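Engineer: Sharing a model prediction with you, sequence too.
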Amino acid sequence: MYAQLIKTARSGITSREDMSEQEREFQDKIDNDIKIEPRDWMPDDYRATLIRQMGQHAHSEVVGQLPEGNWITRAPTLERKAILLAKVQDEAGHGLYLYSAAETLGETRDELVRLLHEGRMKYSSIFNYPTLNWADIGAVGWLVDGAAIVNQVALQRTSYGPYSRAMIRICKEESFHARQGYHAMMKMAFGSPAQKKMAQDALNRLWFPAMMMFGPHDSDSTHSEQSMAWKIKVKSNDELRQQFVDQTIPQIEYLGLDLPDEGIKWNEERGHYDFSDPDWDEFMDVIRGNGPCNVDRLNDRVAAWDNGQWVRDGLMAHARKKAAAKVAAE
Amino acid sequence: MAVDQEKLLQFLLRQGDNTLILGHRVSEWCGHSPILEEDIALANTALDLIGQTQMWLGYAADVQGEGKSADDLAFLRDAWDFRNVLLTELPNGDFGRTLLRQFLFDAFQSVLMGRLMKSSDETVAAIAAKASKEVAYHVERSADTVVGLGDGTEESHARMQEALNYLWPYVGEFFASDDVDAAMAEAGIAPDPASLREEYDALVGKVLADATLTIPASKYAHKGGRTGYMHTEHLGHLLTSMQWLQRAYPGCEW
């Protein structure tokens, strides 16, 4: 889930009467839950929207290494260090599947990375928040991966075949991530007073940013309609957010932590929890580049890329020499 | 013949501290490597090394017999009690230096693990058997990268030669035998490291030649890590971050 505010490459929704014959056939497939595959015809706007969404998702996985990497060197036990390394490795792997899935639509990974580095593509707002104490690592697994799972389970049914298959694989690993996160939170919440304080601090700071991961209210989410008709998006932002809140509150209670929002209350009539809105002005600030870590995160990624130029050049030069030597020998 | 348990402990700490400290260094790369595949590979390498550490230090704690855990050994000893070779604690430098350091270490491990699999100590043999599968993959990958970068562009070659000049004086410590090694060799637990040098030089010599790199002429070898007599200044900083939570909040479960 690491895609928010994806601008659908078409404004409004196209009615059946306004569709070409090809587009009607395409829409019929989608309506009948037949997956769209890379060689199938697809509207240009469908392709463009998917590239944006998958690209942003891939970037999120890659940038998401940074807040967790911030604690790998300080993980308190060998087992926690190993778990965190395995998790971060998975995430980089998710980035790789998603870039590969985007490549099936004709967009190269290098191009997507260039757009990210130029600030023309985004990654999830959540990774612009800092990880300040060890419990943040538990909270990231529990809340951030937890929120991602809510969205990604829905996306397993997305219409584009390679994206759907990537989601199925990713979800399996994400559920391990969320479980290890909650397990780490249990150790903290049931541990010493200092550990419990860390757990509460992490929950308080990360709760609203996690809620923002689902994007703005449906009423403010102007691009959703066509994406939903194309099944690029399967459930609405508000539906997913409610599902996340409903599953998470009992988990907070089990930990014995204070609820991070005074507005949280069970609503008998709706059969759901009520909760307060996150600060949407803050959300827009983060999206515009003014979050606590935006500048540092992007600088880190750009520096990694720039500092690695000689490595990529060196390895490519060697590969060319080897290929030339092989040709000469034949 | 019963082996001196204190010497066995020292031997096990040497193994576990090597993988712990190098694993820590490699993990520092997280999210900053030159290309996504390398982020994955480095995290994977670090993960393998930390996994090996859990086995080595777990056994070390058993042999020590003071009711301590692998975590106690990793997080609650001070620098002078660490027994890793100096090479593993050196700062990462650029990606080339990190991979060359990895190769110089992997090559040693690949020679050593092959012998330790035949150890008279069943636990040592079992750990080595498990580690050797990972080590075989590590040395293949690090060797390929060293060759690719050494025999790449003019810049990559120059950087790799510079890295080799910096790292090579730390290689000799692998083979600096002492009374701990003599006791291990006598009990059939581990070979005398000095006896591994020829095989190591052959392996490393071939890869570095393919990489068009020149091994420095000086035979000088830094030492002091595997005895704990004199580590580099870098180790203390590494331990400061690694051990911080355990030191600041003692006695907690994590």
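Structural biologist: Arrived safely, thanks for sending.
Engineer: For the stretch 1-150 of chain B, which residue gets nearest to chain A?
Structural biologist: Closest approach between the stretch 1-150 of chain B and chain A, counting by C-beta to the nearest C-beta: B:Pro34, at 2.2 Å. C-beta coordinates here come from the backbone N, C-alpha and C atoms, glycine included.
Engineer: so what's residue 149 up against?
Structural biologist: Assuming you mean chain A. Counting by C-beta atoms under 8 Å, 6 or more residues apart in numbering or on different chains, A:Ile149 makes contact with A:Cys171, A:Glu174, A:Ser175, A:Ala178.
Engineer: should've been chain B
Structural biologist: By C-beta under 8 Å, 6+ apart, B:Leu149 lies in contact with A:Val311, A:Gly314, A:Leu315, A:His318, B:Gly96, B:Leu99, B:Ser156, B:His157, B:Arg159, B:Met160, B:Ala211.
Engineer: Pretty sure the fourth one sits against B:Gly152.
Structural biologist: Yes: checked against C-beta atoms under 8 Å, the pair A:His318 and B:Gly152 is within contact range at 4.5 Å.
Engineer: if you count what's nearby, which of the two comes out ahead?
Structural biologist: B:Gly152 (27 against 22; other C-beta atoms under 10 Å in any protein chain shown).
Engineer: and the stretch 101-250 of chain B, which of its residues are near chain A?
Structural biologist: Residues of the stretch 101-250 of chain B found near chain A (C-beta under 8 Å from any C-beta of the partner chain) are B:145, B:147-149, B:151-153, B:155-157, B:159, B:241-242, B:244-246, B:249.
Engineer: and if we set it to 6 Å?
Structural biologist: B:Gly148, B:Leu149, B:Asp151, B:Gly152, B:Thr153, B:Glu155, B:Ser156, B:Ser241, B:Trp244, B:Leu245, B:Gln246, B:Tyr249 (C-beta under 6 Å from any C-beta of the partner chain).
Engineer: The second one sits in which helix or strand?
Structural biologist: Here B:Leu149, judged by DSSP states H and E, is contained in helix B:122-150.
Engineer: what's downstream of that helix, the next helix or strand?
Structural biologist: Helix B:122-150 is succeeded, C-terminally, by helix B:154-167 (DSSP H and E).
Engineer: got a list of contacts for that following helix?
Structural biologist: A:Trp310, A:Gly314, B:Gly96, B:Arg97, B:Leu100, B:Arg101, B:Leu149, B:Gly150, B:Leu213, B:Pro216 (C-beta atoms under 6 Å, 6 or more residues apart in numbering or on different chains).
Engineer: the inter-axis angle of that helix versus helix B:122-150?
Structural biologist: Relative orientation of helix B:154-167 and helix B:122-150, computed by axes from the mean of the first three to the mean of the last three C-alpha atoms, to 10 degrees: 140 degrees.
Engineer: would you put the C-alpha positions of helix B:154-167 in CSV?
Structural biologist: C-alpha atoms of helix B:154-167 as CSV (Å, rounded to 0.1, in the frame of the first residue of the first chain):
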residue,chain,number,x,y,z
GLU,B,154,39.7,2.6,-15.0
GLU,B,155,38.0,4.2,-12.0
SER,B,156,36.7,0.9,-10.6
HIS,B,157,40.1,-0.7,-11.0
ALA,B,158,41.8,2.2,-9.2
ARG,B,159,39.4,2.1,-6.3
MET,B,160,39.7,-1.7,-5.9
GLN,B,161,43.5,-1.5,-6.0
GLU,B,162,43.4,1.2,-3.3
ALA,B,163,41.0,-1.0,-1.3
LEU,B,164,43.4,-3.9,-1.6
ASN,B,165,46.4,-1.8,-0.5
TYR,B,166,44.4,-0.8,2.6
LEU,B,167,43.1,-4.2,3.5
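Engineer: Quick one: mean pLDDT over it.
Structural biologist: The pLDDT scores in helix B:154-167 average 98.
Engineer: relative to helix B:122-150, how tilted is the helix or strand just after it?
Structural biologist: Next in sequence after helix B:154-167, counting helices and strands by DSSP H and E, comes helix B:179-186. Put simply, helix B:179-186 runs at 110 degrees to helix B:122-150, going by the same axes, to 10 degrees.
Engineer: name the helices or strands packed onto the next helix or strand after helix B:179-186?
Structural biologist: Later in the chain than helix B:179-186, the nearest helix or strand by DSSP H and E is helix B:197-210. On a contact count with 3 or more C-beta pairs under 6 Å, 6 or more residues apart in numbering or on different chains; DSSP states H and E, helix B:197-210 meets helix B:95-116.
Engineer: what comes into contact with the helix it packs on?
Structural biologist: Identification of contacts with helix B:95-116 by C-beta under 6 Å, 6+ apart yields A:311, B:34, B:92, B:124, B:128, B:131-132, B:135, B:138-139, B:142-143, B:145-146, B:149, B:159-160, B:163, B:167, B:171, B:174, B:190-191, B:196, B:199-200, B:203-204.
Engineer: Ok, stretch A:215-234 next?
Structural biologist: Stretch A:215-234 is contacted from outside by A:4-5, A:7-8, A:10, A:13, A:30, A:46, A:49-50, A:154, A:157-159, A:236-238, using C-beta under 6 Å, 6+ apart.
Engineer: in the stretch 1-150 of chain A, which ranges drop under the pLDDT threshold?
Structural biologist: A:1 (pLDDT under 70).
Engineer: and B:Lys7, what is it in contact with?
Structural biologist: Per C-beta under 6 Å, 6+ apart, neighbours of B:Lys7: B:Val180, B:Ala183.
Engineer: wait, is it part of a helix?
Structural biologist: Yes: using DSSP: H, G, I helix; E, B strand; the rest coil, the assignment for B:Lys7 is a helix.
Engineer: could you measure A:Met284 against A:Ser125, distance?
Structural biologist: A:Met284 sits 10 Å away from A:Ser125, going by C-beta to C-beta, to the nearest Å.
Engineer: re earlier: quick check: phi and psi at the residue nearest to the residue of the stretch 1-150 of chain B closest to chain A when sequence neighbours are not counted.
Structural biologist: Nearest residue to B:Pro34 in three dimensions, chain neighbours excluded: A:Gly308, at 2.2 Å (C-beta to C-beta, 6 or more residues apart in numbering or on different chains). Dihedral pair for A:Gly308: phi -90, psi 0, per degrees, to the nearest 10.
Engineer: what pLDDT does A:Gly308 get?
Structural biologist: In this model, A:Gly308 is scored at 98, pLDDT.
Engineer: Measure how buried it is and give me the count.
Structural biologist: 17.
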